[in-house]
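**Q** what's the 3D shape of this:
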Amino acid sequence: MTERTTGPTTVPAADEHARVEKAAREAEPARSPWARLLEGGAGRNFGLVAVLVLLGLVGVATAETFLTVSNLLTVLTQASIIGVLTVGVTFVIIGGGIDLSVGKVMALASVWATTVATQSYGWVVMILCAVAVGVGAGLVNGLLIAYGRIVPFIVTLAMLISAQGLAEQISGRRSQIVTDPVIAGIANTRLLGIPLLIYIFAAVVAVGWVVLNRTTFGRRTFAIGGNPEAARLAGLDVRRHTVLLYMVSGLCCGIAAIMIASLTTTGSSTHGTLYELDAIAAVIIGGTLLSGGRGTLIGSILGVLVFTTITNLFVLNNLETDVQNIAKGAIIVVAVLIQARAQRSSVSST
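**A** Numbers count the residues shown, from 1 in each chain. Here you go, the predicted structure:
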């Protein structure tokens with residue numbers, strides 16, 4: 001057994017690890033039934049499903065075409081790109097961070113992957129280029145946050161601005177047309193009547209759920225987000241894991257870049273504007289705590305579907321986008337108030 005020397009005595013590493021975990025459990029406050037219901041993934045997810053059902057009833061009452069197969073597929077297609085970005089953002093926020101750069105990193109990846117030079121090498125290189133740009137941006141974010149000890153908000157805000165500027169410089173502020181037939185055909189391809197973009201979205205969500213809930217990487221993410229100091233004392237490399245979380249977010253940006261380039265048949269610096277806010281908002285109403293350590297990927301995806309459905313209802317009813325934004329803002333405020341109520345219940349029950 002490996003031993004660790006602490007002063008005059010020698011303590012087995014395994015015993016120290018067990019004591020740290022026990023201390024972390026004892027430090028966690030007891031939660032009331034109300035707090036458990038609100039903080040629990042199942043309770044929050046059930047509430048979001050109820051919201052979707054309510055929106056569905058509103059849609060049926062106000063728009064004849066809402067429940068048509070064509071419209072429902074449109075909603076899922078519109079949700080797919082934001083949804084892929086939301087998967088990465090969920091990992092980062094559960095790990096105790098924030099990523100404001102995902103929208104413009106996606107735009108930069110789409111521009112870089114659709115330059116004439118990149119497209120001349122074919123669709124495989126285009127995909128690899130988009131993924132490399134996204135992962136590279138995530139790596140820079142992670143290194144500056146974990147090893148540079150800079151606040152995540154500042155780092156990712158700087159990356160947002162830099163990615164925007166670099167995308168404009170590469171593209172000359174012009175949209176770059178996708179000429180590769182494989183990339184252009186992704187959005188038009190259907191399997192069993194369902195767009196391929198929806199399958200890609202579902203695959204990313206499935207892989208993300210498995211990694212977050214069934215792997216050591218996922219357990220470490222929750223541990224670091226909940227209490228980074230206890231995680232460090234337990235032997236976890238908090239800084240390295242933080243870098244990996246931002247690289248996961250960047251990977252999702254690269255995948256989303258190919259999806260939006262196919263859907264719009266362009267790579268453009270204007271892609272992804274305010275997408276980061278939509279992704280973060282979906283994560284929040286999905287039940288993930290902004291302080292980290294608690295959340296569910298399914299809740300985040302339900303949050304994406306709620307926002308996308310609201311957008312669809314406004315379009316079908318020819319309502320102004322400013323009213324839509326007011327509705328989204330109200331939903332976010334209510335979600336944060338619910339989180340605050342749950343946290344206050346946790347404290348008062350101790």
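**Q** is residue 287 part of a helix or strand, or is it coil?
**A** Per DSSP: H, G, I helix; E, B strand; the rest coil, the local secondary structure of residue 287 is coil.
**Q** can you pull the pLDDT of it?
**A** Here the pLDDT value assigned to residue 287 is 85.
**Q** quick one: neighbours of it, just the number.
**A** Residue 287: 28 surrounding residues under other CB atoms under 10 Å. Bear in mind the C-beta positions are built from the backbone N, C-alpha and C, glycine included.
**Q** how about it, nearest residue that isn't a chain neighbour?
**A** residue 44 (3.7 Å; CB to CB, 6 or more residues apart in numbering).
**Q** that neighbour: which element?
**A** Residue 44 belongs to helix 41-62 when assigned by DSSP states H and E.
**Q** distance from the chain centre to that helix, please.
**A** 21 Å (CA atoms, centre = their mean, to the nearest Å).
**Q** before we move on, the earlier item: roughly how far apart are the residue nearest to residue 287 and residue 302?
**A** 9 Å (CB to CB, to the nearest Å).
**Q** now residue 72
**A** Applying CB to CB, the value for residue 72 to residue 302 is 15 Å.
**Q** show me which of the two is the more surrounded one.
**A** For residue 72 versus residue 302, the count of surrounding residues by other CB under 10 Å is larger for residue 302: 23 against 15.
**Q** just the pLDDT for residue 26.
**A** For residue 26, the pLDDT comes out at 42.
**Q** how about residue 114?
**A** Model confidence at residue 114, given as pLDDT, is 95.
**Q** ok, residue 348 next?
**A** pLDDT, read off for residue 348, is 59.
**Q** do the same with residue 22
**A** Residue 22 is given a pLDDT of 47.
**Q** about what we covered before: residues contacting the residue nearest to residue 287?
**A** Residues in contact with residue 44 (CB atoms under 8 Å, 6 or more residues apart in numbering) are 38, 286-287, 296, 299.
**Q** so how far is residue 284 from it?
**A** Between residue 44 and residue 284 the distance, using CB to CB, works out to 11 Å.
**Q** with residue 178 instead?
**A** As judged by CB to CB, residue 178 and residue 284 stand 33 Å apart.
**Q** just residue 127 next, same as before
**A** Applying CB to CB, the value for residue 127 to residue 284 is 31 Å.
**Q** for those two, indicate the residue with more neighbours.
**A** For residue 127 and residue 284, the more surrounded residue by other CB under 10 Å is residue 284, and the numbers stand at 22 against 19.
**Q** my read: the more buried one touches residue 338, true?
**A** No - with contact defined as CB atoms under 8 Å, residue 284 does not count as touching residue 338 (10.0 Å).
**Q** how about the helices in the stretch 51-200 of the chain?
**A** In the stretch 51-200 of the chain, the helices defined using DSSP state H, counting those that start in this stretch lie at 69-94, 102-113, 116-119, 123-146, 152-171, 181-186, 196-214.
**Q** just want the angle from the helix holding residue 44 to helix 69-94.
**A** With axes from the mean of the first three to the mean of the last three CA atoms, to 10 degrees as the criterion, the two stretches helix 41-62 and helix 69-94 enclose an angle of 150 degrees.
**Q** buried residues, helix 41-62. List them.
**A** Residues 41, 44-45, 47-48, 51, 55, 59 are the ones in helix 41-62 that count as buried (16 or more other CB atoms under 10 Å).
**Q** coming back round to it: wait, which of the contacts of residue 44 is closest to residue 264?
**A** Comparing the contacts of residue 44 against residue 264 with CB to CB places residue 286 closest, at 26.6 Å.
**Q** can you count the residues close to that closest one?
**A** For residue 286, the tally of surrounding residues (other CB under 10 Å) stands at 27.
**Q** do you know how far it is from residue 84?
**A** Separation of residue 286 from residue 84 (CB to CB) stands at 15 Å.
**Q** same check on residue 45?
**A** 20 Å.
**Q** for residue 157, same thing?
**A** Using CB to CB, one obtains 22 Å as the distance from residue 157 to residue 84.
**Q** comparing these two, which residue is more hemmed in?
**A** Between residue 157 and residue 84, counting by other CB under 10 Å, residue 84 is the more crowded of the two (30 against 16).
**Q** so that one sits against residue 202, correct?
**A** No - with contact defined as CB under 8 Å, residue 84 does not count as touching residue 202 (10.2 Å).
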